[in-house]
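>>> need a 3D model of the sequence below.
(one chain, ligands or ions: 1)
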Amino acid sequence: MKSLDTDVLVVGAGPTGMLLAGDIAAAGLRVTLVERRPHGISNMTRAFGVHARTLEQLDARGLADELVSTGTPVTELRLFRRLTLDLDRLRTRFPYLLITPQYEVERLLERRAVTAGVDFRYGTELRGLSQDTDHAVAELTGPDGTPVTLRARYLVGTDGVRSAVRTALGLPFPGASVIRSIVLADVRLAEKPEGLLTVNGVGDAFAFVAPFGDGWYRVMGWDRTRQVPDSEPVDLDEVRAIARRALGSDYGMHDARWISRFHSDERQVPAYRVGRVFLAGDAAHVHSPAGGQGMNTGLQDAANLSWKLVAVLRGDAPDPEALLDSYQTERHPVGAMVLRSSGAIVRLAMAHGPLQRTVRALAARILAAVPAASAKALGMVSGLGISYGRNIRRVPDLELREGRLYELLREGEFVLIAPEGARPDPAPSPTSPARLIRATWTDPADRSTLLVRPDGYTF
Ligand SMILES: Cc1cc2nc3c(=O)[nH]c(=O)nc-3n(C[C@H](O)[C@H](O)[C@H](O)COP(=O)(O)OP(=O)(O)OC[C@H]3O[C@@H](n4cnc5c(N)ncnc54)[C@H](O)[C@@H]3O)c2cc1C
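Sure, this is the predicted structure:
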């Protein structure tokens, strides 16, 4: 049996694990990333929408512009025929939803992680784990079935919805199945839909169509009258029929390159941290694909946790336990909120009977008529409106004397913005930064001081 040591062991090379591993390795720490799939076999394109806050996080890693060039920005979401959400009202460098396949996000994150020195071990599966006061100890099997023991200062389970890390911790994953028998097809269309992203629900069916931008479209649909197990075969005629009922047209869909049937659960683990072991991404929370939140939420979990692990491992955190616990305090409520909001969207889409349909019409009318309500909905969906309690808020990209804030954040350090000539010290606290980049307001009249965390939130 071989034994290896590392600073952080990340289990699962999906988007969450690769962003996290890349961040920690970029800070000069040793990271091993184990993935049970062999290298080169990508996951299917599950997610296809990248929201504004995720693009800002990718901008803070120098990846956003390249990702944007792979996809189609959608500035308008048409929901339930009557309601249009205008994403171009968002105050960000990325005022849209970027439609691009999940494998493009993974490709960029993998390249960054490799360049940063992450030790990738494909074909390697976590089978069990234990922990003592100084280490988490993972029991793995390598590509040829060889058992390997790996000791890490910290271990993060980013191993998806059936997380072996979560199981090994003995944690429950409470929740329920929210929707069954959703059909999905990636197709070409003979006619273009009116809106770029079209969503509608009528009677017993709902559907939506979104463009990848390269001539392919993602179609998803659901039919209350045909509720069958995931294993039941699905063909393009079934998808066409649902689209015609829900959207009024099947847009001449043809040439499906992927068709599948799946169900969706709403579940969240109660503890994101147990001692030296953390959970992030789908391993920690799973919900309906409505709102396109899954990958986005996982990437934000990773961005929240990585700098905290780095600070603790470098010995920079005055109170390491408080800093590591703040991952649960900050991210668990966000996961719960995403479960509620994506659940609400899917329930509205499935609205059945006169009362539920009236509620849906009312919700659409309120969102259309009350600017504060639609601004709040946009903030939640895009991720820009997410804050951690009252005081820890997202900092938008700012033009500074030294460049854009999100360019400065590429160093992975805190940024302290102050007036020209001032050299304030950040107030000491359990999480106060030992290292920081100093920056200056462009407007000499601005006399304030702002300390920005490595994940782009106020401190
Ligand atoms: C149809 C569909 C559409 C979706 N659309 C969107 C969308 O538009 N926007 C969005 O944000 N999200 C969307 N999602 C959700 C999104 O795909 C997931 O939330 C995302 O992939 C989660 O990323 P992750 O890194 O946490 O986990 P995963 O991507 O599941 O990665 C986990 C990895 O861990 C590996 N692994 C598992 N067990 C082990 C083990 N024991 N040892 C080693 N490795 C292991 C797996 O092989 C896998 O590579 C969609 C999902 C579906 C099904």
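>>> helices of the protein, start to end?
In the chain, helices defined by DSSP state H lie at 15-26, 52-59, 64-68, 102-116, 164-168, 236-247, 294-313, 320-349, 353-369, 371-382, 405-408, listed in chain order.
>>> can you list contacts of the last one?
So the one you mean is helix 405-408. 56, 59-60, 93, 395-398, 400, 402, 415, 417, 437, 439, 452, 456 (C-beta atoms under 8 Å, 6 or more residues apart in numbering). Every C-beta, even on glycine, is put in place using the N, C-alpha and C of the backbone.
>>> can you list the domains in this structure?
2-48+101-173+269-350, 176-265, 399-452 (automatic domain parsing).
>>> closest one to the ligand among the ones you listed?
domain 2-48+101-173+269-350 (2.2 Å; C-beta to the nearest ligand atom).
>>> roughly how far out does that closest one sit from the chain middle?
Averaging C-alpha positions (C-alpha atoms, centre = their mean, to the nearest Å) puts domain 2-48+101-173+269-350 12 Å from its chain's average.
>>> spell out which residues of the stretch 251-400 of the chain are next to the ligand.
Proximity of the stretch 251-400 of the chain to the ligand is confined to 262, 281, 282, 289, 292, 293, 294, 295, 296, 298 under the rule C-beta under 6 Å from any ligand atom.
>>> wait, isn't residue 67 in contact with residue 56?
No - applying C-beta atoms under 8 Å as the test, residue 67 and residue 56 come out as separate, 11.8 Å apart.
>>> neighbour count: those two, which is higher?
Neighbour count, other C-beta atoms under 10 Å: between residue 67 and residue 56, residue 56 has more, with 27 against 21.
>>> check what pLDDT the more buried one gets.
For residue 56, the model assigns a pLDDT of 98.
>>> same deal with residue 439?
Predicted confidence (pLDDT) for residue 439: 94.
>>> give me the number of residues near it?
Number of residues near residue 439 (other C-beta under 10 Å) recorded here: 19.
>>> beta partners of it?
Per DSSP bridges, the residues bridged to residue 439 are residue 417.
>>> could you measure from it over to residue 402?
According to C-beta to C-beta, to the nearest Å, residue 439 stands 5 Å off from residue 402.
>>> same question, residue 372
Taking C-beta to C-beta as the measure, residue 372 and residue 402 are separated by 35 Å.
>>> which of these two has more neighbours?
Looking at residue 372 and residue 402 with other C-beta under 10 Å, you find the greater number of neighbours at residue 402, namely 15 against 7.
>>> got phi/psi on that one?
Here is the backbone geometry of residue 402 (degrees, to the nearest 10): phi -90, psi 0.
>>> got it, and residue 47?
phi -70, psi 150.
>>> hang on, the earlier thing: most neighbours, which of the contacts of helix 405-408?
Busiest of the contacts of helix 405-408 [other C-beta under 10 Å] is residue 56, holding 27 neighbours.
>>> contacts only, for that residue.
64, 92, 93, 94, 384, 394, 397, 406, 456.
>>> before we move on, back to that, drop anything exposed from the residues of the stretch 251-400 of the chain next to the ligand.
Buried by 16 or more other C-beta atoms under 10 Å: 281, 282, 289, 292, 293, 294, 295, 296, 298, out of these.
>>> is it true that the first one touches residue 18?
Right, the one you point to is residue 281. No - look at residue 281 against residue 18 with C-beta under 8 Å: they stay out of range, at 10.4 Å.
>>> measure the closest residue to residue 379 other than its chain neighbours to residue 26 for me?
Excluding its sequence neighbours, the residue lying closest to residue 379 (C-beta to C-beta, 6 or more residues apart in numbering) is residue 385, at 2.0 Å. Going from residue 385 to residue 26 by C-beta to C-beta gives 28 Å.
>>> who has more neighbours, these two?
The residue with more neighbours, out of residue 385 and residue 26, is residue 26; 21 against 16, by other C-beta under 10 Å.
>>> please name the residues that touch that one.
112, 116, 412.
>>> most surrounded residue in these?
Going by other C-beta under 10 Å, residue 112 tops the contacts of residue 26 with 21 neighbours.
>>> list the residues that contact that residue.
Here residue 112 is in contact with 18, 22, 26, 61, 62, 63 (C-beta under 8 Å, 6+ apart).
>>> might one say that the second one is in contact with residue 61?
Yes - taking C-beta under 8 Å as the definition, residue 22 is a contact partner of residue 61 at 7.3 Å.
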